[in-house]
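>>> sharing a model prediction with you, sequence too.
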Amino acid sequence: MKKDNRLLPNKDMPDFERDYFCDAHPETVKPLKGFIEKFLNWARANSLWILGFGTGCGAIELRPLMTARFDMFRYGMAPRPTPRQSCVFVIGGYASIKTLKRIVRSYEQIQAPKFVLALGSCTINGGMYFDSYNTINRIDHYIPVDAYVTGCMPRPEAIIAGLRKLQELIKQGKAEKANEYIENFEWYKANQKKVIKDWNMPDYNW
Amino acid sequence: MMKDILKRLTEKFPISEIEEQRANMIFVTMPKINAVQCISYLKQFEGFTHLVMLAAVDYIEDGIFQLTYILHNYELHTDIGIRVQIDRKQPVMESIHTLWAQARTYQQELKEMFGIDFPGSPDIDEPFLLEGWQNIPPMRKDFDTLKYSQETFFPRPGRKHYDPQKYMKEKLYPDKEPE
């Protein structure tokens, strides 16, 4: 792991927020070795807590997961109200620039290990909003995505399948996108700042 | 009922065009300078107390923006639309937030999406939906939204486009010769 002691510039952050955030560069967390990591991954995969942030129209398909018919709790998934308590961020379809700012802020506030599941064709290539002035085309240029679910909109069964796939990836130790985000931090930040013109928050939301 | 209202309106205001869409839905076109007076008159004396909506259309080939104020009368269950054409080069219109406070939201949106100014309207220069927009207002016809999207939002390669008319013709009538 490369030790990075650079400080973030945070130059557009308003003064009253400066006391709440530190300027340190985020660091990657190396996976542990052998069976310990395997055990940890097994534990992580079986307790996915989903951030209750409905971005885009796909969020409407998340509600049925809580009902008796689809019942996500049997897989150890539960909705949580705040990024600090959750580990899965479900991007539900198109993301406008205004929402993207909140998505970045929420994603960075989630504590690692964290995973992103992107729903619908809008997150993959823009979908039917590919020519819109206000919605981004590919979410993976702004935050890293572990798994996609195709469809417009995907049914709750498809979302369950996507979450099961995510569980598989975690068990195999392939869901290390949170580290990838830190490794390519400058690239992601440049992309985010290219579209979010009124950047008035810290460069990394601790 | 609507006939009487129209008669009184034509006596008072210089209406250039009347379009009867339904028995209870009429559109009148009038100059910019009389429009707010007319709306105020309709609200106070004719019972059109509800502002349904305020919208704009960009007629770029004529060089105008057409604003449409739609008002509703609860007692007669009728709507009246007041159309105003304003110059595209000087898009300024009188504010009606003094008549309906909620009009400020419409006006804020029109300022952002079309660049039509309503001097005196509260928070008219605050961002409404687009935070930090730096281009020309996006709902204007001369704004190329596809070009802007391709330049800004990293399009994923491999996207296919079909002309819907041609595609459906091939699907439904594959034997027929294209006209």
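Received the coordinates, thanks.
>>> can you tell me the SS state at residue B:34?
What DSSP: H, G, I helix; E, B strand; the rest coil gives for residue B:34 is helix.
>>> cool, the one 3 residues further on as well?
Classification of residue B:37 into helix, strand or coil gives helix, according to three-state DSSP.
>>> how near is the closest residue to it other than its chain neighbours to chain A?
Leaving out its chain neighbours, the residue that sits closest to residue B:37 by CB to CB, 6 or more residues apart in numbering or on different chains is residue B:13, at 7.2 Å. (C-beta placed from N, C-alpha, C; glycine too.) Distance of residue B:13 to chain A, computed by CB to the nearest CB, to the nearest Å: 38 Å.
>>> how many neighbours does residue B:13 have?
Using other CB atoms under 10 Å in any protein chain shown, residue B:13 is surrounded by 18 other residues.
>>> next one: residue A:68
7.
>>> what about it, distance to chain B?
Distance from residue A:68 to chain B, counting by CB to the nearest CB: 38 Å.
>>> got it, and residue A:113?
Distance from residue A:113 to chain B, by CB to the nearest CB: 27 Å.
>>> what about that residue, distance to residue B:82?
59 Å (CB to CB, to the nearest Å).
>>> more neighbours, the two?
residue B:82 (25 against 17).
>>> in whatever helix or strand the more buried one lives in, what's buried?
Per DSSP states H and E: residue B:82 is located in strand B:78-87. Across strand B:78-87, burial judged by 16 or more other CB atoms under 10 Å in any protein chain shown covers B:78-86.
>>> I'd assumed residue B:38 was in contact with the residue nearest to residue B:37.
Yes. Under the criterion of CB atoms under 8 Å, residue B:13 makes contact with residue B:38 at 5.0 Å.
>>> next, show the common contact partners of those two.
residue B:30 (CB atoms under 8 Å, 6 or more residues apart in numbering or on different chains).
>>> with only the CA atoms kept, save the longest helix seen in chain A in CSV.
Secondary structure of chain A per DSSP state H: the longest helix is helix A:156-171. In CSV, the C-alpha atoms belonging to helix A:156-171 read as follows (Å, rounded to 0.1, in the frame of the first residue of the first chain):
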residue,chain,number,x,y,z
PRO,A,156,-37.8,-6.6,-7.8
GLU,A,157,-36.8,-10.1,-8.7
ALA,A,158,-34.0,-8.7,-10.9
ILE,A,159,-32.8,-6.5,-8.1
ILE,A,160,-32.7,-9.5,-5.8
ALA,A,161,-30.7,-11.4,-8.4
GLY,A,162,-28.4,-8.4,-8.6
LEU,A,163,-27.9,-8.3,-4.9
ARG,A,164,-27.3,-12.1,-4.9
LYS,A,165,-24.6,-11.5,-7.5
LEU,A,166,-23.1,-8.8,-5.4
GLN,A,167,-23.0,-11.3,-2.5
GLU,A,168,-21.2,-13.8,-4.7
LEU,A,169,-18.6,-11.2,-5.7
ILE,A,170,-18.0,-10.2,-2.1
LYS,A,171,-17.5,-13.9,-1.1
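>>> quick one: contacts of stretch A:53-68?
A:50, A:70-73, A:77, A:79, A:83, A:89-95, A:99, A:102-103, A:106, A:119-120, A:122, A:153-156, A:159-160.
>>> buried among those? Make that a PyMOL selection.
Buried subset of those, written as a PyMOL selection, criterion 16+ other CB under 10 Å:
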select buried, chain A and resi 50+70+72+77+79+83+89+90+91+92+93+94+95+99+103+106+119+120+122+153+154+156+159+160
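>>> which ones among the contacts of stretch A:53-68 map onto helices?
A:99, A:102-103, A:106, A:120, A:122, A:156, A:159-160.
>>> what's the farthest-apart pair in those residues?
A:102 and A:160 (25.7 Å; CB to CB).
>>> which SSE is immediately downstream of whichever helix or strand residue B:112 is part of?
Here residue B:112 is covered by helix B:103-113, with elements defined by DSSP H and E. Per DSSP H and E, helix B:103-113 leads on to helix B:145-152 as the next helix or strand towards the C-terminus.
>>> what's the neighbour count on residue 15?
Because you didn't say which chain, this covers chain A. Here the count is done by other CB under 10 Å, and residue A:15 has 6 residues near it.
>>> let me rephrase: I mean chain B.
Based on other CB under 10 Å, the number of other residues close to residue B:15 is 18.
>>> give me the pLDDT for it.
pLDDT recorded at residue B:15 is 91.
>>> equivalent analysis for residue B:91, please.
Reading off the model, residue B:91 has pLDDT 93.
>>> measure the residue lying closest to it once chain neighbours are set aside to residue A:73 for me?
Leaving aside its sequence neighbours, residue B:91 sits nearest to residue B:116 (CB to CB, 6+ apart; 4.3 Å). Going from residue B:116 to residue A:73 by CB to CB gives 51 Å.
>>> which residues sit in contact with residue A:158?
Residues near residue A:158 by CB under 8 Å, 6+ apart: A:149-151.
>>> could you identify which of those has the most neighbours?
Top of these by neighbour count (other CB under 10 Å): residue A:149, with 26 neighbours.
>>> what residues are up against that one?
Per CB under 8 Å, 6+ apart, neighbours of residue A:149: A:117-120, A:158-159, A:161-162.
>>> returning to that earlier point: JSON lines for the contacts of residue A:158, including secondary structure?
Below are those laid out as JSON lines (three-state DSSP):
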{"residue": "A:149", "secondary structure": "strand"}
{"residue": "A:150", "secondary structure": "coil"}
{"residue": "A:151", "secondary structure": "coil"}
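>>> where in chain B is pLDDT low?
B:177-179 (pLDDT under 70).
>>> the residue of it found nearest chain A and residue A:79, how far apart?
Ranked by CB to the nearest CB, the top residue of chain B for proximity to chain A is residue B:132, at 3.1 Å. Distance of residue B:132 to residue A:79, given as CB to CB: 31 Å.
>>> now swap in residue A:42 and tell me
Computed with CB to CB, the distance linking residue A:42 and residue A:79 is 22 Å.
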